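Chemist: Need a 3D model of the sequence below.
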Amino acid sequence: MKKRDKIIYWVATIWLSLGMVSGGVFQLMKMEDAVNSFNNLGYPEYLLTVLGVWKLLGVVAILIPKYPILKEWAYAGFFFAMSGAMISHLIMGDPFSETFPSIFTLILTLLSWHFRPTDRKISNS
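Modeler: Below you'll find the predicted structure:
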């Protein structure tokens, strides 16, 4: 793995992890902003708990060594959660400031997944 790729992977993965942990904690604590955002999008409040737990577990999955299949599931979950959030904000006509966090986290998810080291990928053999 090239040094450049390794740097891109770790920068993207650290920022992704920080974003997912902070978002997951805000959702689990049912912070006012998280609740208001969910209410404005028309989602039930109990979904905050489900997404919060999944985000925290997903961060653990992408950071621990080995378990490439688990990592694929975590990246897929992050992709679907963040693309769904982005689409929901766009459909509701929310301002860019509301949509940007999901776009940014989606980009970080794709970068982290694409540049992950070989030992974190599912082998073809």
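
Chemist: which stretches of this protein have low pLDDT?
Modeler: 124-125 (pLDDT under 70).

Chemist: Spell out for me which residue occupies the centre of it.
Modeler: Geometric centre of the chain, nearest residue: residue 78, 3.8 Å, by C-alpha atoms, centre = their mean.

Chemist: who does the helix or strand that residue falls within touch, helix- and strand-wise?
Modeler: Using DSSP states H and E, residue 78 maps to helix 68-91. Packing partners of helix 68-91 (3 or more C-beta pairs under 8 Å, 6 or more residues apart in numbering; DSSP states H and E): helix 46-63, helix 96-114. Where you see a C-beta, it was placed from the backbone N, CA and C, and this is true even at glycine.

Chemist: Let's have those helices in TSV, adding mean neighbour count and distance to residue 11.
Modeler: As requested, those are exported to TSV (neighbours: other C-beta atoms under 10 Å; distance: least, C-beta to C-beta, whole Å):
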stretch	mean neighbour count	distance to residue 11
helix 46-63	17	14
helix 96-114	17	8
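
Chemist: Residue 87: which of those is closest?
Modeler: Proximity of these to residue 87 was assessed by C-beta to C-beta; the nearest stretch is helix 96-114, lying at 8.7 Å.

Chemist: Could you export that closest one as PDB, CA atoms only?
Modeler: Once non-C-alpha atoms are left out, helix 96-114 reads as follows in PDB (Å, rounded to 0.1, in the frame of the first residue of the first chain):
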ATOM      1  CA  PHE A  96     -27.300  23.100   2.500                       C
ATOM      2  CA  SER A  97     -26.200  23.600   6.200                       C
ATOM      3  CA  GLU A  98     -28.500  20.800   7.100                       C
ATOM      4  CA  THR A  99     -27.600  18.500   4.200                       C
ATOM      5  CA  PHE A 100     -23.800  19.000   4.300                       C
ATOM      6  CA  PRO A 101     -23.000  16.800   7.200                       C
ATOM      7  CA  SER A 102     -24.600  13.700   5.600                       C
ATOM      8  CA  ILE A 103     -22.800  14.500   2.200                       C
ATOM      9  CA  PHE A 104     -19.500  15.000   4.000                       C
ATOM     10  CA  THR A 105     -19.900  11.700   6.000                       C
ATOM     11  CA  LEU A 106     -20.900   9.900   2.800                       C
ATOM     12  CA  ILE A 107     -17.800  11.100   1.100                       C
ATOM     13  CA  LEU A 108     -15.700  10.000   4.100                       C
ATOM     14  CA  THR A 109     -17.300   6.600   4.000                       C
ATOM     15  CA  LEU A 110     -16.500   6.100   0.400                       C
ATOM     16  CA  LEU A 111     -12.900   7.300   0.800                       C
ATOM     17  CA  SER A 112     -12.300   5.100   3.900                       C
ATOM     18  CA  TRP A 113     -13.800   2.100   2.100                       C
ATOM     19  CA  HIS A 114     -11.900   2.600  -1.200                       C
END
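
Chemist: Done for today, thanks.
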